[in-house]
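Participant: Let's see this in three dimensions:
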Amino acid sequence: MPRSALFPPPDSVELRYRPDLQILQARWLRPIPAPELQRGYEAALATAVEHRAYFWLLDVRARGTASEDDTQWVLAEFLPRLPVQLGRRVYVAFLLAATNLSEVEQTDGAPLVSNEQYHVRLFTAETPALAWLGRRQDFESV
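Facilitator: Okay, here's the model as predicted:
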């Protein structure tokens, strides 16, 4: 049984692995409470493990702003588990509402975390986020 079958996503999130891009996409569809947020992330991780997806595009624009506790859980508990579970560095691009980033950050992405285990960057549009993930794929393949 695939690991993703053990962690089905809640109906508030769409998960899809794009083999053509080698990217895991998760799109939250509405505002959600903390337990549902965590289930969505756990389902994304299970799908990533199944497909060995090291490049993630997480669209949280419809989910709304996360609480401080939710953000702390993602940064302190969830993200550090990714390289352990996946066995290598992981790249995560978050799509946020445009009001959260400056004009330059909207184009180039705003770095959130960058260390040996994972890189996280914030964007407001899919095209620059996918371009950044593509550059990271090129970097990792060298």
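
Participant: Figure out how far stretch 44-55 is from the centre of its chain.
Facilitator: 10 Å (CA atoms, centre = their mean, to the nearest Å).

Participant: hmm, who's touching that stretch?
Facilitator: Contacts of stretch 44-55 with the rest of the structure, by CB atoms under 8 Å, 6 or more residues apart in numbering, involve 2-4, 6-7, 9, 13, 15, 17, 19, 21-24, 26, 56, 58, 78, 81-82, 85-86, 88-91, 133, 136-137, 140. Any C-beta I mention is one placed from the backbone N, CA and C, and that applies to glycine too.

Participant: Just the buried subset of those residues, written out for ChimeraX, thanks.
Facilitator: This is the ChimeraX syntax for the buried subset of those, where burial follows 16 or more other CB atoms under 10 Å:
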select :4,7,9,13,15,17,23,24,26,56,58,78,82,86,89,90,91,133,136
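
Participant: What about the contacts of stretch 44-55, which are in strands?
Facilitator: Applying DSSP state E to the contacts of stretch 44-55, the entries found in strands are 13, 15, 17, 23-24, 26, 56, 58, 90-91.

Participant: Make JSON lines out of the residues you listed and add pLDDT and distance to P35.
Facilitator: What follows is the ones in strands among the contacts of stretch 44-55, written out as JSON lines (pLDDT from 0 to 100; distance: CB to CB, whole Å):
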{"residue": "V13", "pLDDT": "94", "distance to P35": "13"}
{"residue": "L15", "pLDDT": "96", "distance to P35": "17"}
{"residue": "Y17", "pLDDT": "97", "distance to P35": "24"}
{"residue": "I23", "pLDDT": "98", "distance to P35": "27"}
{"residue": "L24", "pLDDT": "98", "distance to P35": "22"}
{"residue": "A26", "pLDDT": "97", "distance to P35": "17"}
{"residue": "W56", "pLDDT": "98", "distance to P35": "21"}
{"residue": "L58", "pLDDT": "97", "distance to P35": "18"}
{"residue": "V90", "pLDDT": "98", "distance to P35": "24"}
{"residue": "Y91", "pLDDT": "98", "distance to P35": "27"}
